[in-house]
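Participant: Any chance you could fold what I've pasted below:
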Amino acid sequence: MDDPIRHPLAHARELRGWSQGDLAAQLDRAARGHGLRSGADKAAVSRWENWRKTPNLDSQLLLAEVFGVTVSEMEAYGWPYWLPGRDEPLPLGSAYFVQALHDAQRALMDRRSFMTYSAVSLAGLAAQWAVVEPERLTSALDGKQVDGGLVDWLEETCQQLTALPTEQRQHTIRLMDAQLATVTDLIAEGRYGETTGRRLHRLAASLATTCGWYRFDHGRHWAAGKLWGAALQSAHAAGDRDHGAGVLSDFAYQSNWLGEPKVSVDQLGYALSGTQHPTARSLLFLRRARAHAALGDRTACYRDLSEAEAALNLEPTDPAPGWCAWMGPADLAVDSGQCLLDLGRTDEAHARISEGMALLPRARDKTRGIFLTYQAKGYLQSNDVEQALAVTRESLDLAARIGAPRCVALVRDLAPAFTPYRRVDGVQELLERVSTG
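Facilitator: Numbers count the residues shown, from 1 in each chain. Alright, predicted model coming up:
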């Protein structure tokens, strides 16, 4: 799929609806404000956008002024990666790999939590990913040779960090952010061959995915989306279709979480077209079943639950991709139960959720906290207030111990369902704890 915007400068210009001539006029106006002349015309802008020439420092300062970018940002990210992007995902392609990683790093400093990518933009990104073939990596033209031993160490450290129990991972996010910054610098400035380039991009995809989930768990959906957008770019650069499908699945999970199940269904359809591993397909079908249940589409939900179970029962010849290696019978049981809850089949839902809770490994405490809130919802729907209260308290205690704000958010969403039972011992205390937590 061809994209008419080939350079971050063209991207920034399109954001404001400027032609190349308009941008030249803006630069001239800014220069005259300083008693100078810009010396930039439409032809100069064209050369910059076609990667034939880099604007000198004076021109970059004028560009920063007209685009509203601070000098400190300009100096920190270097040309052309300090240029502002639109609030939509960057197109897939080699012109945007580093830009997406830098955008993700900047998003870590952005406190916006209420923004996410629009349904239209996610649909376009997923459709593009489904048909665009990865490009061959090219070696950097300058910079130092990337040492293979360093890449070995980064890969090993990344695996160790992501394999830590949930309770410990809350303390390592700064290390993972720093590793992502290091890998980004190596990709942007280093010199390496195609094999090393693919390893670096796989590392970036893995780190950006994990860092994105941390922001998602803390309600920072804008930063999570930016990180996952960078992960998709890097997975695409590495030719890793499985990981790309996983990132689309993460976007789908976020969409369902934020009350847009139709977007989730569409994203997962594209994701399923990009992976054949049974474990991955089981997870994708399960997540789509959750979205169908939220939409009240019983037939589609039951069909995807059946597909998820069938795929999980297959004996794969290869290990599952890292992004879904944790998927197992516990997840299938609990999420199936949540689907049944959404569809009003309370007794069956309670049995399935209890089954899954018994199967869940202790190392997955964050998942346990989320599953406990599902269980509490089921108890409330069965008017078993005391049991609902007990598991809700357990979820809150666990969330406080492991640092899991998403579990707290789920309990907060569930709290109104407890209000009719204020006179039951412990309910008022729970409501006060949630409101002040």
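
Participant: Tell me the secondary structure of Leu414, please.
Facilitator: helix (DSSP: H, G, I helix; E, B strand; the rest coil).

Participant: how many neighbours does it have?
Facilitator: The local packing of Leu414 (other CB atoms under 10 Å) involves 19 other residues. Where you see a C-beta, it was placed from the backbone N, CA and C, and this is true even at glycine.

Participant: Let me know whether it touches Leu372 as I believe.
Facilitator: No. Proximity of Leu414 to Leu372 does not meet the contact threshold set by CB atoms under 8 Å, at 10.4 Å.

Participant: Between those two, which contacts overlap?
Facilitator: Common contacts of Leu414 and Leu372 (CB atoms under 8 Å, 6 or more residues apart in numbering): Thr392.

Participant: and the end-to-end length of stretch 319-337?
Facilitator: Start-to-end span of stretch 319-337 (CA to CA, to the nearest Å) is 27 Å.

Participant: Buried residues of that stretch, list them for me.
Facilitator: 320-324, 327-328, 330-337 (16 or more other CB atoms under 10 Å).

Participant: farthest pair in these?
Facilitator: Gly322 and Gly337 (26.3 Å; CB to CB).

Participant: So Arg16 versus Val66, what's the distance?
Facilitator: 9 Å (CB to CB, to the nearest Å).

Participant: So which of the two has more stuff around it?
Facilitator: Neighbours per residue (other CB under 10 Å) separate Arg16 from Val66, with Val66 holding more: 20 against 14.

Participant: so the more buried one touches Gln26, yeah?
Facilitator: Yes. Val66 lies in contact with Gln26 (CB under 8 Å); the separation is 4.5 Å.

Participant: what's the neighbour count on the spatially closest residue to Glu386 that is not a sequence neighbour?
Facilitator: In space, and not counting its chain neighbours, Glu386 is closest to Val424: 7.2 Å by CB to CB, 6 or more residues apart in numbering. When neighbours are defined as other CB under 10 Å, Val424 has 14 of them.

Participant: ok, now Ile370?
Facilitator: Ile370: 22 neighbours (other CB under 10 Å).

Participant: Identify the residue nearest it in space, chain neighbours excluded?
Facilitator: Ile370 sits nearest to Cys407 (CB to CB, 6+ apart), 5.9 Å away.

Participant: what about that neighbour, distance to Pro361?
Facilitator: 17 Å.

Participant: Those two: who's more crowded?
Facilitator: Each of Cys407 and Pro361 has its neighbours counted (other CB under 10 Å); Cys407 has more, 25 against 12.

Participant: shouldn't the more buried one be in contact with Asp397?
Facilitator: No. Counting by CB under 8 Å, Cys407 stays clear of Asp397, with 10.0 Å between them.

Participant: buried ones in the helix or strand containing Glu309?
Facilitator: Element membership for Glu309, per DSSP states H and E: helix 298-312. Buried residues in helix 298-312, counted by 16+ other CB under 10 Å: Ala300, Cys301, Tyr302, Asp304, Leu305, Glu307, Ala308, Glu309, Ala311, Leu312.

Participant: Name the nearest of the residues you listed relative to Tyr270.
Facilitator: For the buried residues of helix 298-312, the nearest to Tyr270 is Asp304 (14.9 Å; CB to CB).

Participant: I'd like the distance from the residue sitting nearest the centre point of the chain to Gly328, if you could.
Facilitator: Centroid-nearest residue in the chain, with CA atoms, centre = their mean: Trp228, separated by 3.1 Å. Distance of Trp228 to Gly328, computed by CB to CB: 23 Å.

Participant: Likewise for Gly35?
Facilitator: According to CB to CB, Gly35 and Gly328 sit 69 Å apart.

Participant: With Trp79 instead?
Facilitator: Going from Trp79 to Gly328 by CB to CB gives 47 Å.

Participant: Any idea how far stretch 364-383 is from the middle of the chain?
Facilitator: 24 Å (CA atoms, centre = their mean, to the nearest Å).

Participant: what does the domain assignment say about the protein?
Facilitator: 1-86, 94-275 (automatic domain parsing).

Participant: what's the pLDDT at the residue nearest to Ile370?
Facilitator: Here the pLDDT value assigned to Cys407 is 79.

Participant: again, but for the one 5 residues further on
Facilitator: At Arg412 the predicted local distance difference test score is 84.

Participant: same check, this time on Leu398
Facilitator: Looking at Leu398, its pLDDT is 81.

Participant: ok, now Gly322?
Facilitator: 87.

Participant: for Ala127, same thing?
Facilitator: So, for Ala127, pLDDT stands at 67.

Participant: Gly225 too?
Facilitator: 90.

Participant: can you check the one 5 residues further on too?
Facilitator: Per-residue confidence at Ala230 stands at 92 (pLDDT).

Participant: Now it: which helix or strand?
Facilitator: helix 221-238.

Participant: ditto for Asp318
Facilitator: Under DSSP H and E, no helix or strand contains Asp318.

Participant: How about the helix or strand harbouring Glu156, which residues are buried there?
Facilitator: If you go by DSSP H and E, Glu156 is part of helix 148-162. For helix 148-162, a neighbour-count test (16+ other CB under 10 Å) marks Val151, Leu154, Glu155, Cys158, Leu161, Thr162 as buried.
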